[in-house]
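Enquirer: fold the following, please.
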Amino acid sequence: MAQFDVYKNPSKATSLAYPYILDIQNSLFSDMATRMVVPLADYSVMKKEELDGLTPKVSYKGKNLLVLVPQIASMNVKMLQNPIGSLAHLRDEIISAIDFAITGF
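Expert: Predicted coordinates for the structure are as follows:
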């Protein structure tokens, strides 16, 4: 498991609005049973959740998505199998949003 790996949302109940899950936990903590994650929301469904600096808008597999940092959670690693991609190239933008959520700056 690597930081910023993208996974399909394993929940059928929420996968329409949140098609993907983004692993944000540093790989130094890979022995833990859980990972810190944020949902990636379908922008066309969840655009009202967009907040400047807090929910970066990204493009992934032809979809516009929001990185919903305010919905940070932990997820059992058993639910995160077979990453389908990575947003590591957007590391600075994602870390900035997490920092903004914590510090307000």
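Enquirer: from now on I want contacts and neighbour counts done on CA atoms only, so please keep to that.
Expert: Will do.
Enquirer: contact partners of the lengthiest strand in the chain?
Expert: If each strand of the chain is counted by residues according to DSSP state E, the longest one is strand 34-42. Strand 34-42 is contacted by residues 16-25, 63-69, 71-77 when judged by Cα atoms under 8 Å, 6 or more residues apart in numbering.
Enquirer: again, 7 Å this time
Expert: Applying Cα atoms under 7 Å, 6 or more residues apart in numbering, the contact partners of strand 34-42 are 17-25, 64-69, 71-77.
Enquirer: buried members of those into ChimeraX, please.
Expert: To isolate the buried members of those in ChimeraX, using 16 or more other Cα atoms under 10 Å:
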select :17,18,19,20,21,22,23,24,25,65,66,67,68,69,72,75
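Enquirer: filter the contacts of strand 34-42 down to the ones in strands?
Expert: Those of the contacts of strand 34-42 lying in strands (DSSP E): 20-23, 64-67, 73-76.
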